[in-house]
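Participant: what's the 3D shape of this:
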Amino acid sequence: MMRRKAMVWGAGILIAGGALGVGPILPVMAASQPVTTITLYDSGDVNIENMWQNYMIPLFEKEHPTIKVHLIYSTSGASNTDIYDRIAAAEAAHKNSGIDIIGSSIAPEAAEAHLLEPVSPKVIPNVTKVSPSFLKAVNDEAVPYRGSSVVLAYNSEFVKSPPKTLMGLLHWIKTHPGKFTYNTPSSGGSGAGFVQEVVNYYVPKKDEPIFETEYKPALESTWKKGLSVLKSLTPYIYRDGFYPNGNVAVLQLLANSSIWMAPVWSDMSTSYKKEHLLPPSIKLTQLTPPMNGGPAYVGIVKNSPHLKQDNIFVNWLLTPAAQTIVVNEVDGYPGVEYKYAPPKAKQVFGSIAGDSSPYWDAQFSTDLNAKWQATVAG
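Facilitator: This next block holds a predicted model:
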């Protein structure tokens with residue numbers, strides 16, 4: 001543990017020549033509060049790394065001078081497996097892994113394996129501002145500090161009244177052949193979100209929560225109708241069933257007017273609009289009920305020796321100051337519910353500002369991608 005040294009200047013007394021005299025002003029070392037360093041692991045694109053290094057961490061450390069944050073960042077998640085295994089092994093041995101807080105896609109996985117500390121208002125007061133459904137999805141062991149959702153992008157030059165519901169969207173697709181597509185669900189979350197939205201529409205309501213928090217493969221029999229509907233759209237998809245590879249490819253088709261409508265990520269499309277990579281005629285809207293959202297979680301690793309400081313940091317991520325950084329720097333949705341969000345959030349996202357539907361359990365999502373490939377693309 002390191003200690004910062006503060007210099008306090010005062011008068012010194014000097015004995016000289018057998019007489020007391022006032023000597024020069026001497027520096028006196030005063031004790032200061034100890035500084036604790038916590039280690040944060042995250043991964044993703046360079047914009048998230050930039051957010052941590054240049055905005056989040058400096059502001060937090062300024063407001064909390066006794067806590068330092070050491071960031072370990074893995075571009076595109078190349079180290080995710082190694083970090084997860086390291087945390088799991090440390091938990092099994094009841095030892096400290098050296099990682100205090102984790103973000104990235106492994107946070108929900110670690111929560112599912114109960115490798116993270118429980119989250120409660122007692123230790124993280126601001127967690128009361130978070131949607132309970134997002135906490136439930138990770139066993140109340142991680143906190144969504146930012147997010148994004150799948151929204152509907154449309155070219156207002158050709159589409160004057162975009163659909164407002166899923167059924168309205170399916171009707172629009174069939175009445176405007178070749179003007180809609182989505183990326184293969186295994187290549188990007190916007191396509192995966194649309195596929196899940198269609199399939200979930202025909203899932204019995206009583207079973208919907210199970211897909212979010214559990215894994216019961218027998219329930220996949222309820223996907224048959226939704227997959228059939230997706231297959232029926234093929235003749236009306238761009239170029240008679242062309243499904244691009246990745247989220248970016250869909251945005252490019254929108255940009256050159258090859259298509260007029262598509263599901264896209266809220267943050268990515270907002271960034272593209274700000275950077276003029278999409279024409280002003282491209283607008284964003286959300287369906288009712290909303291399409292899926294993808295919260296980004298952080299969780300406190302079990303056996304961390306710095307639980308007090310960890311809780312302070314995670315709680316701070318849900319404050320207006322941190323949430324404003326999320327909105328301004330990465331075009332992300334706030335992690336808190338919109339009624340607690342910075343006012344600018346609704347200004348930035350406009351009509352798409354609102355709640356979103358949770359994504360399914362990771363294994364269900366993997367299975368759905370495979371069934372889509374066999375049923376729709378095949």
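
Participant: Please count neighbours and contacts with C-alpha atoms only from this point.
Facilitator: Noted.

Participant: what's the span of stretch 237-257, first residue to last?
Facilitator: Start-to-end span of stretch 237-257 (CA to CA, to the nearest Å) is 14 Å.

Participant: Domain parsing of this protein, as residue ranges.
Facilitator: Listed domain ranges for the chain are 35-147+295-341, 150-293+359-377 (source: automatic domain parsing).

Participant: Out of these, which gets nearest to Gly350?
Facilitator: When those are compared by CA to CA, domain 150-293+359-377 sits nearest Gly350, at 8.6 Å.

Participant: now the closest one: mean pLDDT?
Facilitator: Mean pLDDT, domain 150-293+359-377: 94.

Participant: so how far does it reach from one end to the other?
Facilitator: Across domain 150-293+359-377, the terminal residues are separated by 21 Å (CA to CA).

Participant: Centre of the chain to it, how far?
Facilitator: Mean C-alpha position of domain 150-293+359-377 versus that of the full chain (CA atoms, centre = their mean, to the nearest Å) differs by 19 Å.

Participant: Point to the residue nearest the middle of this protein.
Facilitator: Nearest to the geometric centre of the chain sits Ala296, at 2.1 Å (CA atoms, centre = their mean).

Participant: Could you list the low-confidence segments of the stretch 1-150 of the chain?
Facilitator: 1-31 (pLDDT under 70).

Participant: Which residue ranges of it form strands?
Facilitator: Using DSSP state E, counting those that start in this stretch, the strands of the stretch 1-150 of the chain run over 2-3, 6-10, 13-16, 19-22, 26-30, 34-44, 67-75, 101-102, 143-147, 150-155.

Participant: give me the number of residues near the nearest residue to Leu227 once chain neighbours are set aside?
Facilitator: Distances taken as CA to CA, 6 or more residues apart in numbering place Val199 nearest to Leu227, at 6.3 Å, with adjacent residues excluded. Residues lying near Val199 (other CA atoms under 10 Å) number 20.

Participant: where's Val199, which helix or strand?
Facilitator: helix 189-201 (DSSP states H and E).

Participant: Report the buried residues of that helix.
Facilitator: Going by neighbour count (16 or more other CA atoms under 10 Å), the buried part of helix 189-201 is 189-200.

Participant: Gln323 contacts Tyr340, correct?
Facilitator: No - the criterion here is CA atoms under 8 Å, and Gln323 misses it with Tyr340 at 9.7 Å.

Participant: who's more crowded, those two?
Facilitator: More crowded of Gln323 and Tyr340, by other CA under 10 Å: Gln323, with 24 against 15.

Participant: Which residues are in contact with that one?
Facilitator: Shown in contact with Gln323 (CA atoms under 8 Å, 6 or more residues apart in numbering): 145-146, 317, 334-336, 341-342.

Participant: Wait, Trp223 touches Asn200, no?
Facilitator: Yes - assessed by CA under 8 Å, Trp223 is found in contact with Asn200 at 7.5 Å.

Participant: All the strands of the stretch 251-378 of the chain, in order from the start?
Facilitator: 261-265, 282-285, 292-293, 296-300, 333-334, 357-358.

Participant: Next up, the contacts around Glu214.
Facilitator: Taking CA under 8 Å, 6+ apart as the criterion, Glu214 is in contact with Asp361.

Participant: thinking again about what came up before, ok, which of the strands of the stretch 251-378 of the chain comes nearest Ile124?
Facilitator: Closest among these, using CA to CA: strand 296-300, at 11.2 Å.

Participant: mean confidence for that closest one?
Facilitator: Mean pLDDT, strand 296-300: 96.

Participant: Sheet partners, orientation included, of it?
Facilitator: As defined by DSSP bridges, the strand partners of strand 296-300 come to strand 101-102 (antiparallel), strand 143-147 (antiparallel).

Participant: and Val376, what is it in contact with?
Facilitator: Here Val376 is in contact with 227-228, 230-231, 234 (CA under 8 Å, 6+ apart).

Participant: what about 6 Å?
Facilitator: Lys231 (CA atoms under 6 Å, 6 or more residues apart in numbering).

Participant: can you give me the end-to-end distance of stretch 88-106?
Facilitator: 11 Å.

Participant: which outside residues touch it?
Facilitator: With CA under 6 Å, 6+ apart, stretch 88-106 has contacts from 39-43, 87, 297-301, 303-304.

Participant: Val314 - how many residues pack around it?
Facilitator: What Val314 shows, counting by other CA under 10 Å, is a neighbour count of 23.

Participant: coming back round to it: generate TSV for the domains of the chain, with distance to Val348 as supplementary columns.
Facilitator: Putting the domains of the chain into TSV (distance: least, CA to CA, whole Å) gives the following:
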stretch	distance to Val348
domain 35-147+295-341	8
domain 150-293+359-377	8
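
Participant: Figure out which of those domains is closest to Gln347.
Facilitator: Closest approach to Gln347 among the domains of the chain is made by domain 35-147+295-341 (10.1 Å; CA to CA).

Participant: so how far is that closest one off the chain centroid?
Facilitator: Centre to centre, stretch against its chain (CA atoms, centre = their mean), the figure for domain 35-147+295-341 is 10 Å.

Participant: for the strands of the stretch 251-378 of the chain, which one sits closest to Glu157?
Facilitator: Nearest of the strands of the stretch 251-378 of the chain to Glu157, taken as CA to CA: strand 282-285 at 8.1 Å.
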